[in-house]
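> 3D model of this:
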Amino acid sequence: MGRIMTDRFAAFRHSSYRRYFLSRFLTSLAAQIVSVAVAWQMYDLTQNAALLGWIGLVQFLPALLLVVVTGVTADRLGRRNVMGVAVTVELACAAMILFLAVTGTFQPLVVLGTLTVFGCARAFFTPASSSLAVNLVPREDFANAVGWIASSWQAASIFGPVAGGLLYGLYHGAAYATAVVLFGIAAVLIFSIPKPEQRIEREPTSLSTLLGGFSYVLKQKIVLGAISLDLFAVLLGGAVALLPIYARDILHIGEEGLGLLRAAPGIGALIMLGIITAFPIKDHAGIILFISVALFGLATVVFGHSTVAWLSILALMCVGAFDMVSVYIREVLVQLWTPDQVRGRVNAVNSIFLGASNELGEARAGFMAAKWGAVFTVVAGGYAAVGIAAAWAGMFPGIRKTRDLHHGAPEE
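Presented below is the predicted three-dimensional model:
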């Protein structure tokens, strides 16, 4: 048991990783607080479900449009510096939304414009931060570091929504002000990390260089299948954008209840992450991946039909737990199977899949709910996720036959 616990915290033996981990947690926490507060205030002022979809869309589009730039930037200019500058821009955006909220000028178009800039900063932050982690620990601690990266986001997804809902309930400006402070601390921590070693290509930038991430993903069919499975399952089955509607109109639990709903998937994911970091997935990884995605879809169906708060929260915990398995398998594959000199570009591509499954999924849910209602949208999406799992199991037999996550990882 002592050996297991020691191995679970292997990455934290390295001081640079500790600073990185805390900075990434604080950044994710601040982003969650802003997300909850903006969504609730926007819906409270307008009662327009489509605007909830636009909140997700304007944050995703920059990552899509800038994908060939953000990855090369992370690979060529130093991941620590890119990450720090991006967080500073996020701080400025949170400060802008704070100003709009406290001055009574919280207009949808202005807020969406600010969130677009916020999305641009996130577009640079994501590949740089995802790639930096493995530059801060030795190769034998890669998998452990990747697992804890996922835990930092999931922990933020638990505490952020609760904090955002409670702070907004006290005073809407308090939520945005807290986010500004957290972004500031995160920026200081990032710039305090000593410059890490990073393998950088010296060849001139060309179209082939810019598209290197896409080329690598397309060549690695197992990686392509894994991240596209997550893309379509969460794109069709995601229900996060509609939680304000469930909290206000279906479950009648208010903004505090919205915080609990937003936190529930993170709680389930964190519990699952604790299990898989203590007892890593060592065999039948592909089969586990497909089963988990199918169970994710079924849990979404239960949530969609539920009109009882405790059952809704439990279903969302299961949604988060099963999604965590998919996220963990995908992240280990992407980070460990990618050479360092193209890791930023591959992570930029990965961020597109991740962003599409989250932000674009929120847009899809908001637009569908505006036309057909929230319940139909969530339930249909859950069943679609089950179908996606079955289809991908047939389309990508290489994933289905994958047993050891570490097999095939390239040596650098």
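> every contact and neighbour count from this point should use C-alpha atoms.
Fine.
> poorly predicted segments of this protein, please.
1-7, 196-214, 339-341, 355-359, 405-412 (pLDDT under 70).
> would you map the helices across the stretch 251-400 of the chain?
254-278, 285-305, 309-336, 343-355, 361-372, 374-395, 397-400 (DSSP state H, counting those that start in this stretch).
> okay, buried residues for stretch 257-277 please.
257-273, 276-277 (16 or more other Cα atoms under 10 Å).
> and Asp44, what element?
Using DSSP states H and E, Asp44 sits within helix 15-46.
> could you say what helices and strands that helix packs with?
For helix 15-46, the elements it packs on are helix 49-65, helix 142-170, helix 172-191, helix 243-245, judged by 3 or more Cα pairs under 8 Å, 6 or more residues apart in numbering; DSSP states H and E.
> for Leu289, find the nearest of these.
With Cα to Cα as the measure, helix 142-170 is the member of these nearest Leu289 (15.8 Å).
> now the closest one against helix 172-191, angle please.
Angle, helix 142-170 to helix 172-191, by axes from the mean of the first three to the mean of the last three Cα atoms, to 10 degrees: 160 degrees.
> helices or strands up against helix 142-170?
helix 15-46, helix 172-191, helix 254-278, helix 309-336.
> circling back: and Thr88, which of the helices of the stretch 251-400 of the chain is closest to it?
helix 343-355 (19.6 Å).
> just how off-centre is that closest one within its chain?
Between the centre of helix 343-355 and the centre of its host chain there is 11 Å, according to Cα atoms, centre = their mean, to the nearest Å.
> before we move on, back to that, can you say which of the helices of the stretch 251-400 of the chain is packed in most?
helix 343-355 (a mean of 27; mean count of other Cα atoms under 10 Å).
> could you dump the helices of the stretch 251-400 of the chain into a markdown table with distance to Leu236 added?
Formatted as a markdown table, those follow (distance: least, Cα to Cα, whole Å):
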| stretch | distance to Leu236 |
| --- | --- |
| helix 254-278 | 17 |
| helix 285-305 | 9 |
| helix 309-336 | 13 |
| helix 343-355 | 13 |
| helix 361-372 | 6 |
| helix 374-395 | 5 |
| helix 397-400 | 21 |
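> relative to Gln47, which of the ones you listed is closest?
Taking the helices of the stretch 251-400 of the chain one by one with Cα to Cα, helix 361-372 is closest: 10.4 Å.
> that closest one packs against which elements?
By 3+ Cα pairs under 8 Å, 6+ apart, helix 361-372 packs against helix 49-65, helix 221-237, helix 374-395.
> quick one: closest of those helices to Leu354.
helix 221-237 (6.4 Å).
> who are the neighbours in contact with Gly84?
Ala187, Val188, Ile190, Phe191 (Cα atoms under 8 Å, 6 or more residues apart in numbering).
> please apply the same query to Ser152.
Going by Cα under 8 Å, 6+ apart, the list of residues near Ser152 reads Phe21, Leu22, Arg24, Phe25, Ser28.
> and which of those is nearest Gly164?
Closest to Gly164, out of all of the contacts of Ser152 and judged by Cα to Cα, is Ser28, at 12.3 Å.
> that closest one against Trp153, yeah?
Yes. Contact criterion Cα atoms under 8 Å: Ser28 and Trp153 qualify, at 5.9 Å.
> before we move on, the earlier item: could you dump the helices and strands packed on helix 361-372 to JSON lines with distance to Ala39?
JSON lines is the format used below for the helices and strands packed on helix 361-372 (distance: least, Cα to Cα, whole Å):
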{"stretch": "helix 49-65", "distance to Ala39": "6"}
{"stretch": "helix 221-237", "distance to Ala39": "19"}
{"stretch": "helix 374-395", "distance to Ala39": "16"}
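> between the ones you listed, which gets nearest to Ala143?
Using Cα to Cα, the nearest of the helices and strands packed on helix 361-372 to Ala143 is helix 221-237, at 15.9 Å.
> for that closest one, what is the distance to the chain centroid?
14 Å.
> tell me the angle that helix makes with helix 374-395.
Using the same axes, to 10 degrees: helix 221-237 against helix 374-395 is 160 degrees.
> quick one: residues in contact with helix 221-237.
So helix 221-237 is in contact with 217-218, 293, 297, 300, 326-327, 330, 333-334, 350, 353-354, 356-358, 360-362, 364, 378, 380-386, 388-389, 392, 396, 398-399, going by Cα under 8 Å, 6+ apart.
> same thing with stretch 379-394?
In contact with stretch 379-394 (Cα under 8 Å, 6+ apart) are residues 225, 229, 232-234, 236-238, 290-291, 293-305, 399-400.
> how about a cut-off of 6 Å?
Ala233, Leu236, Gly237, Phe290, Val293, Ala294, Gly297, Leu298, Thr300, Val301, Gly304 (Cα atoms under 6 Å, 6 or more residues apart in numbering).
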